[in-house]
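A.B. asks: Please find the sequence and the predicted model below.
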Amino acid sequence: MSLHSVKVYSRFERFWHWTQAFLIFSLFFTGFAIHGLHSLISFKTAVVWHTWGAFTLIILWIFAIFWHLTTGTWRHYLPTHQGLWQVFRFYSYGIFRAEPHPYRKAFWRKHNPLQALAYLSLKLVLFPLIWLTGLAYFTYQYWREWLPNALMTFEWIAVLHVGAAFLIVAFVLLHVYLLSTGHSFAAHVKPMITGFDEVDLTAAEAAYLQESKAVSVKPISDSHSH
Amino acid sequence: MQRFWSIPFSMGLFLVLCVLSGMTLADDDSHTNMHFRDNPPSPPTPGHSSTSTADHSKFEVLQQPFTDGPSVTKACLSCHTEAGEHMMKSIHWTWEYTHPKTGQKLGKKHLVNTFCTNARGNEGMCAQCHAGYGWKDETFDFNNPNNIDCLVCHDRTGSYYKTPNSPGNEACSVMFKEKPPIQWNTVAQNVGLPGRDNCGRCHFYGGGGDGVKHGDLDSSLERPDRSLDVHMDVDGLNFTCTQCHVSDKHVWAGSRYQVVAKDTEGTAKPGMRRDVATCESCHGTSPHPVDGVVAMKLNDHVNKVACQTCHIPKIARGGVATNVKWDWRTAGKTKDGEGYKEDNYVQANGKARSTYKSIKGSFEWAENFVPHYAWFDGQMNYTTIDTVFDPNKGPIDINGFNGRADDPQSRIWPFKPMHTIQPYDKGFNTLVYMHLWGNDKDAFWGNYDFARAIKTGMEKNNLPYSGEYGFVDTYSYWPITHMVAPKEEALDCGECHSKAGRLQNVEGFYLPGRDAPYDIDRYGLWLLLAALLGIVGHATLRGLTGRHRS
């Protein structure tokens, strides 16, 4: 086993992640302006930006789903109970006793089981909820004639949309906080910028990656490798 | 030399002073009392008569020497053979409207209002605005077409006028004196389609003076600029009233008794639809050309928000104030036995308005103000002379209205609310007719005695009266539809989509920016707080245990 600098996040993944992050923050800002929680921008501006931001994000998601399916990276999000308890125990107990993180990042399993579960529920529950309610909200005038109680439905759509937004904000808070656990904050953020992370590879893995050039990989330093 | 010039000089000065004082007197006179039409009539609105295929001055029948109105009408009807029959079905003639749904008899002939309270019994004064000649009491013949006043709507010289049909007490009748005689032949030969000044001569002065009643109809609309009314703008579209209030056989679109609060048909083919005066009848049902998110969202609103709500941001903004409160309780005070008035409100056009008049009581005025917003399905509900109410159950809505958020016919409309404290029958709990106008000792406008005025008013109409009157708070609501601002001055989204916006008190629906139903904000903020506390707790524990270990 030896530490290697492996390109774990492809250009698309990084582009997707950061564009999504930017759009989600804009949607928080404009969405909460529409909802009346702040008035830093006018309602009209908020509606315009929120609408365009939302449609851009939906397009980005369509691309990301396509990318996940064609590259097989969707497997990163497969839920597993294997090791789930250990990770949970680590964050709620072991971390306070300076125990090492129980999860060993693998090239095909970049996320620990808890992470995978969190991201999966985000992608399968919260994101679809917010964009389906958002689309229904936006297209109100096209379906209101067909529903007997359109005003009530509209109200519920708004409640679900706002509720999902609050849950996503909570997710983002935890997501950012967890960057400070384990290694340093910077060490967590850096791979999402450069694409390269330190991964412990077996000799066979290292040899395979070097040989196949599937992703760029290089040994970090002699002191770490032997 | 000095003495030589001093005589013509002092004579000149005298003349100037006479003219000035005459002007002041005339001006004083104009807002003395409940006077209508104190402004000189505006010049005829150009444009309309020029397209006519007839020059009325060439008609032989109009060359005969006329001495009164009915003889002019007779001449009109000799060519316009069906106009008389048509006019006699018009509300301008009948002053009566039988509501098709409620069966109530409405119209000025029957209603009690929140201004001078009743036209009924006061026709000698009120029927100045009747499109007829000489209605002063029950004897008026509604079946004689020669009594129709064609000129009041069709005179295009601006020199035609009407005076009360019967003399009032001296305190009132003085203001109608010294009008130049009407040149009957001139006005008869210069007829045309009605201009704004024709309609305005009555409709701008409803309720007892300029702008008093509606708040969106006053003399400022005779020559409005673009900002005051984008359709009537004299330098722009210069619409006359009949451009929207289209007519068919002298019956015109636009009723205030049964309002088309929501038009789902929109524009029609040329020549069709003579029954509505809605915004949609010209602008369609998706009026904002879709060039982006905003226009698309604006078109959403057509379903639940009347065009007027956003496009008439404020009312009474032409420099003329409208009456918002009228307290009859203070009426009848005199100085040295004489009625008097106090003019303590100066409106934007510089003219003083009365805050007190002995004949009417106390007034409050408002200009350039935000209307009252409410759901409205077009149905006005009238408290009429025969409605029994409970005076202890809060103010009486003289014309209340229906409307609900979940009713497909309703939209949010702007209204001018009018608050009046007016007499009622304390024994029978009904409204009353007052005898205000007359040259007899029972008329309130002369004797300042409510007891006699009410007793006479009820007796004249064979209505029961308990003999005891009190005062009751009443409200009336005037749907706002004129004074349409240009689009750049329409309401901004945030005016309603905010916590304390214009629609703060309009209920029954979810309004983005205002509402957080089911306590969603409280739960959401609790969730974020819990997440933050968890993070802070976790981080603190990590810090403490980390330090402990090292």
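C.D. replies: Now that the structure is in, tell me what you want to look at.
A.B. asks: State the distance from B:Arg485 to chain A.
C.D. replies: Arg isn't right for residue B:485; it's Ala. For B:Ala485, the distance to chain A (C-beta to the nearest C-beta, to the nearest Å) stands at 17 Å. Every residue, glycine included, has its C-beta placed from N, CA and C.
A.B. asks: Could you list which residues are in contact with that residue?
C.D. replies: Applying C-beta atoms under 8 Å, 6 or more residues apart in numbering or on different chains, we find B:Ala485 in contact with B:Ser227, B:Leu228, B:Asp229, B:Val230, B:His311, B:Ile312, B:Pro313.
A.B. asks: likewise B:Thr264?
C.D. replies: Contacts of B:Thr264 were listed using C-beta under 8 Å, 6+ apart, and they are B:Glu280, B:Thr285.
A.B. asks: Can you add neighbour count, pLDDT and distance to B:Ile398 and give the contacts of B:Ala485 back as JSON lines?
C.D. replies: What follows is those, written out as JSON lines (neighbours: other C-beta atoms under 10 Å in any protein chain shown; pLDDT from 0 to 100; distance: C-beta to C-beta, whole Å):
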{"residue": "B:Ser227", "neighbour count": "14", "pLDDT": "96", "distance to B:Ile398": "32"}
{"residue": "B:Leu228", "neighbour count": "20", "pLDDT": "97", "distance to B:Ile398": "28"}
{"residue": "B:Asp229", "neighbour count": "25", "pLDDT": "97", "distance to B:Ile398": "28"}
{"residue": "B:Val230", "neighbour count": "21", "pLDDT": "96", "distance to B:Ile398": "32"}
{"residue": "B:His311", "neighbour count": "20", "pLDDT": "97", "distance to B:Ile398": "27"}
{"residue": "B:Ile312", "neighbour count": "24", "pLDDT": "98", "distance to B:Ile398": "23"}
{"residue": "B:Pro313", "neighbour count": "20", "pLDDT": "97", "distance to B:Ile398": "27"}
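A.B. asks: taking the residues you listed one by one, which sit in strands?
C.D. replies: Of the positions in those, not one sits in strands, assigned by DSSP state E.
A.B. asks: between those, which is nearest chain A?
C.D. replies: B:Pro313 (15.0 Å; C-beta to the nearest C-beta).
A.B. asks: Can you report phi and psi for the nearest residue to the closest one once chain neighbours are set aside?
C.D. replies: The spatial neighbour of B:Pro313 that comes closest, neighbours along the chain excluded (C-beta to C-beta, 6 or more residues apart in numbering or on different chains), is B:Leu491 at 5.2 Å. In this entry, B:Leu491 is assigned phi and psi values of phi -60, psi 140 (degrees, to the nearest 10).
A.B. asks: Does B:Leu491 touch B:Thr309 like I think?
C.D. replies: Yes - the pair B:Leu491 and B:Thr309 qualifies as a contact (C-beta atoms under 8 Å) at a distance of 7.4 Å.
A.B. asks: quick one: contacts for the residue of chain A found nearest chain B?
C.D. replies: Closest approach between chain A and chain B, counting by C-beta to the nearest C-beta: A:Phe166, at 3.4 Å. A:Phe166 makes contacts with B:Ile520, B:Tyr523, B:Gly524, B:Leu525, B:Leu527, B:Leu528, as judged by C-beta under 8 Å, 6+ apart.
A.B. asks: One more: B:Ala316?
C.D. replies: Residues in contact with B:Ala316, defined by C-beta under 8 Å, 6+ apart, are B:Gly211, B:Gly215, B:Asp216, B:Asp218, B:Thr322, B:Ala366, B:Glu367, B:Asn368, B:Phe369, B:Lys416, B:Met483.
A.B. asks: wait, doesn't B:Leu77 sit right on B:Pro145?
C.D. replies: Yes - the pair B:Leu77 / B:Pro145 is scored as a contact, 6.0 Å apart, by C-beta under 8 Å.
A.B. asks: Could you point out which of the contacts of B:Ala485 is nearest to B:Cys496?
C.D. replies: In terms of C-beta to C-beta, no member of the contacts of B:Ala485 lies closer to B:Cys496 than B:Pro313, at 11.2 Å.
A.B. asks: For the closest residue to B:Pro194 other than its chain neighbours, grab the count of nearby residues.
C.D. replies: Here the nearest residue to B:Pro194 in space, its sequence neighbours aside, is B:Cys153; by C-beta to C-beta, 6+ apart that works out to 4.7 Å. Around B:Cys153 sit 21 other residues, with neighbours defined as other C-beta atoms under 10 Å in any protein chain shown.
A.B. asks: swap in B:Val294?
C.D. replies: Other residues near B:Val294 come to 16 when the count uses other C-beta under 10 Å.
A.B. asks: my read is it is in a helix, agree?
C.D. replies: Yes - residue state for B:Val294 (DSSP: H, G, I helix; E, B strand; the rest coil) corresponds to a helix.
A.B. asks: ok, it to B:Cys307 distance?
C.D. replies: 16 Å (C-beta to C-beta, to the nearest Å).
A.B. asks: swap in B:Thr387?
C.D. replies: Look at B:Thr387 and B:Cys307: by C-beta to C-beta, they are 32 Å apart.
A.B. asks: quick one: which of those two has more around it?
C.D. replies: Per other C-beta under 10 Å, whichever of B:Thr387 and B:Cys307 has more neighbours is B:Cys307, with 20 against 15.
A.B. asks: that older thread, and B:Leu491 and B:Thr309? Which one has more around it.
C.D. replies: With other C-beta under 10 Å as the criterion, B:Leu491 and B:Thr309 differ in neighbour count, and B:Thr309 comes out ahead with 25 against 18.
A.B. asks: The more buried one contacts B:Phe415, correct?
C.D. replies: No - contact between B:Thr309 and B:Phe415 fails when scored by C-beta under 8 Å: they sit 10.2 Å apart.
A.B. asks: what's the overlap in contacts for those two?
C.D. replies: B:Tyr373.
A.B. asks: which residues does the residue nearest to B:Pro194 contact?
C.D. replies: If a contact means C-beta under 8 Å, 6+ apart, then B:Cys153 has B:His92, B:Ala131, B:Pro194, B:Asn198, B:Cys199 as its contacts.
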